[in-house]
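Novice: predicted model and sequence below, questions to follow.
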Amino acid sequence: MYTAGQLHRMTYLSTMFITYIICSNVNTVIQRLYVPEIKRKNIFCLVEGLSRDTDDTDIFNILEEIEMKEYKNVFKENMIRIQDVVELTEKDFEKLGVTAIGLQLRLKQACRNHLQAKSEDTSPVLKKFFDLKRERVRIQKTKKIKRHFKPTRRIYCGWKHAVRSDVFKVVTLSKGGGQQIIDVSKDTTYEVLEKQILDLYFPKARSMAQNLKLSDLNHYLASFSGDPLPRSFQNNHEFTVGNYFDHIKTYPVRVYLHTTKKDEDDDNYLPDISKSSPGPSKDMESQSLSLSSELEDPQLLPGTSRMFDAVCTDEGSDAEFENAGTPVIFFKKSTQTRLTSTPKPEKNGNKPFLSEDLDGDMQMQEAICASLEMMQQPQHFIDLDLRKWTMNTLKSEEEENVKQLIVVHRRHVLNSALRALDRASFKLEEPFKVEFPGELGADYGGPKREFLSCLMKELANAVLEGEPYNKTFIHSVPLLDKEMFFKAGRMIVWSILHGGPGFPFLNSTLYQLLIEPKDVVYSTDDVIDLDVKNKIQKLQTADEEELNLLSDWMVEQGVYGVVPPYTEQKRDCMARQLLKSHVYLRIHAEIAQFRKGLNTLEFYTIMKSNSEEVRGLFLHMLSNSMVTMQKIKEIIHINYSEDGSNDKRKEEDTMYAFELFLQDCSEDTSEINLNMLLAFWTGAETIPPLGFHRKLEIKFVEDPALLPVAHTCDLLLEISRGETPEEFHRKMELAITCGGEFHLA
């Protein structure tokens, strides 16, 4: 039994553990129970040592109970405890002098009973607590040791932009921001760290998504709470990443790039960057300070309006009103707009806001928000590394400054592209425009998309063979001599970089051979030659007589050295060798040349490190070439008329007919499919790997006799109001099948 002192300690500790369960923090428990400093240090030693203090006395008590007092000194000298007795062997007992078998059995059974009773008396809460405590200490020690010797530190980066004075909002991934993770050396200085983070969001000193130049912005690094990173610390140590980690003592470490416009008078820094709220702390604090300062300044913030109307007085009235001290109250105007409509002015010329001073700013704000809304579209399979590669590789030029011109013969698209690539002045990473001789119109995106789409088709016919969208390379020595497969890889990189389609014609085995040939499992479905396929299938089930007939053919194919008897294992080995020969070794040179072409601008490096994500660029079933009705609906923006108007009702009738037409196209009940519709609308038969630069737009016109007109550069489709489903279907089929190559605005 336990002594009075031990029972007192157990009662005290049980009270503490009940409080621990409620608070879930040992330090909090100790503080709330007001444990003295000395006891606080030894509290866990008391708990863990409670059972340890009683082990010696327990074994002596058991020896007395079974009348073995004379062995106390022997057990004490050998430091044997109760749990050790259970593991003792017969030889161990003889060394201790316990030779009688009966004494050995009684002692072992008594120790087992004692241990079992003790385990049942132990609280499960205490067991769980000690297990968790030991595991937590082990993990903390392991992490601390690893972190101490690791030469790098991991930082989670983000970008916040000022929407008002001292109020920052997080820039989302779709707008060029998002969370990025970098591993930097412990010795990295502030300047080097800032440069690395700037390169993430402003490659080549420019944000392509926001069209912002770094030279137009002030920038600094700050923590998640908004506090600027210190340049030095209290111990006079200069800023390094390692010193900063030791200073904050938290994990994970988040560092945000904070940017503001250099022009202080510009209030529209980056409207509606994100719907997410700024991080806690100084962002919210500065927002409240900003609002309080606005109470003194009568000018309103963008996106706010007063809760009182203008005083009803005639213009030019000289009446003055005494300030009664009534506070001016501001409220946040809702920024949510219909996803399928464009803001319209109110009837009777009424302005949407009561403050005349802000009317122009508010209209500009709404226009910018509507523009950003149209630019947002769902990305179906965008790989982050691929997007970074595109932003870092593609040279940015203003539309009117693009100098590289590709002249394309519509009946010889591939030859036109090859001539362009062979020109000394041609640069793959520079923007370009396409010109079809004899066709009027300027290239603002539509002709380029159609050219790249046609180019990928002709390229597939030139270097691939097999079933549609399940092809492999042609084995051709003349094409190898012309380096056609190398040029094919370059043209695919060219298409992806400039917003064109991928190359979704390969079979899965060929794609695996491009990435890692060692892991490929071959099958007869990958064999293009039907005669070879039939012979390999026959070989897999052939008897010895049939194998003798096939032996000469196998030697011709390079498989020899296999002698009778032909076991099942030998047959399988010969079949695998033949499959490897016809699927891989036959086109090994073509694969190597094509892989070299894909490595233009280091694209193959991205492809190999993100093989699963990039599969959709080369395999049909996983690519955006699988255009669906839902995908098209997600990327459409509809310019409806004002709610409640007659035009709005007619437009809804036309959109009902349009959706029925989409359904017919997707179910193959029409001569037109969704790829043909997309080509008519945008110039591209598929959704580009990185998406279109903006949403597809539908505009309504009043002329009922007008056929649908597509402006491929503007991604705009003009259709008539009030169309019936039958009439709309007829007009769309006629426009797509009989229309011109381009419908430029």
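Specialist: It's in.
Novice: pretty sure residue 218 is in a strand, no?
Specialist: Yes: looking at residue 218 with DSSP: H, G, I helix; E, B strand; the rest coil, it is inside a strand.
Novice: now it, which residues is it bridged with?
Specialist: residue 260 (DSSP bridges).
Novice: could you do the one 5 residues further on as well?
Specialist: With DSSP bridges as the criterion, residue 223 is bridged to residue 255.
Novice: model confidence score at it, please.
Specialist: Per-residue confidence (pLDDT) for residue 223: 90.
Novice: right, and it touches residue 258 too?
Specialist: No: contact criterion CB atoms under 8 Å: residue 223 and residue 258 do not qualify, at 10.2 Å. In this view, the C-beta of every residue, glycine as well, is placed from N, C-alpha and C.
Novice: quick check, distance from stretch 528-543 to the centre of its chain.
Specialist: Relative to its chain's centre, stretch 528-543 lies at 45 Å (CA atoms, centre = their mean, to the nearest Å).
Novice: how about stretch 646-664?
Specialist: 35 Å.
Novice: next, the buried residues of that stretch.
Specialist: By neighbour count on 16 or more other CB atoms under 10 Å, the buried set for stretch 646-664 is 650, 651, 654, 655, 657, 658, 661, 662, 664.
Novice: between those residues, which sits nearest residue 518?
Specialist: residue 662 (44.8 Å; CB to CB).
Novice: residues near the residue nearest to that closest one when sequence neighbours are not counted, how many?
Specialist: Excluding the flanking residues, the one nearest residue 662 by CB to CB, 6 or more residues apart in numbering is residue 629, at 4.8 Å. For residue 629, the neighbour count with other CB atoms under 10 Å is 15.
Novice: residue 663 is in contact with residue 629, correct?
Specialist: Yes: counting by CB under 8 Å, residue 663 is a contact partner of residue 629 at 6.4 Å.
Novice: in the stretch 401-550 of the chain, which spans are strands?
Specialist: Ranges of strands in the stretch 401-550 of the chain, per DSSP state E, counting those that start in this stretch, are 404-407, 432-435, 464-467, 470-473.
Novice: JSON lines for those, including mean pLDDT and distance to residue 717?
Specialist: As requested, the strands of the stretch 401-550 of the chain are arranged in JSON lines below (pLDDT from 0 to 100; distance: least, CB to CB, whole Å):
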{"stretch": "strand 404-407", "mean pLDDT": "92", "distance to residue 717": "26"}
{"stretch": "strand 432-435", "mean pLDDT": "91", "distance to residue 717": "21"}
{"stretch": "strand 464-467", "mean pLDDT": "92", "distance to residue 717": "33"}
{"stretch": "strand 470-473", "mean pLDDT": "92", "distance to residue 717": "33"}
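Novice: which among those is found nearest to residue 597?
Specialist: strand 470-473 (12.2 Å).
Novice: now that closest one - C-alpha only, PDB.
Specialist: Output of strand 470-473 as PDB, limited to C-alpha atoms (Å, rounded to 0.1, in the frame of the first residue of the first chain):
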ATOM      1  CA  ASN A 470      -3.100   7.500 -79.800                       C
ATOM      2  CA  LYS A 471       0.000   8.000 -82.000                       C
ATOM      3  CA  THR A 472       3.700   7.200 -81.900                       C
ATOM      4  CA  PHE A 473       6.600   8.500 -84.000                       C
END
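Novice: bridged to residue 152, which residues?
Specialist: residue 185.
Novice: wait, isn't it in contact with residue 186?
Specialist: Yes: Residue 152 lies in contact with residue 186 (CB under 8 Å); the separation is 6.9 Å.
Novice: how about low-confidence regions in the chain?
Specialist: For the chain, the stretches with pLDDT under 70 are 1-57, 117-123, 144-148, 263-384, 397-400, 441, 561-563, 621-626, 739-745.
Novice: would you agree residue 640 is in contact with residue 651?
Specialist: Yes: applying CB under 8 Å, one finds residue 640 in contact with residue 651, separated by 5.7 Å.
Novice: need the overlap of contacts for those two.
Specialist: residue 700 (CB atoms under 8 Å, 6 or more residues apart in numbering).
Novice: what ranges do the helices span in the stretch 101-250 of the chain?
Specialist: If DSSP state H, counting those that start in this stretch is used as the criterion, the helices of the stretch 101-250 of the chain fall at 101-121, 124-149, 190-201, 241-248.
Novice: residue 677 is nearest to which of these?
Specialist: Of all these, the one in closest proximity to residue 677, counting by CB to CB, is helix 190-201 (36.7 Å).
Novice: phi and psi next, for the nearest residue to residue 641 once chain neighbours are set aside.
Specialist: Spatial nearest neighbour of residue 641, excluding adjacent residues (CB to CB, 6+ apart): residue 647 at 3.8 Å. Torsion angles at residue 647 (phi, psi; degrees, to the nearest 10) stand at phi -60, psi -40.
Novice: ok, residue 730 next?
Specialist: phi -60, psi -40.
Novice: now do it against residue 737, distance only.
Specialist: Distance, residue 730 to residue 737, by CB to CB, to the nearest Å: 11 Å.
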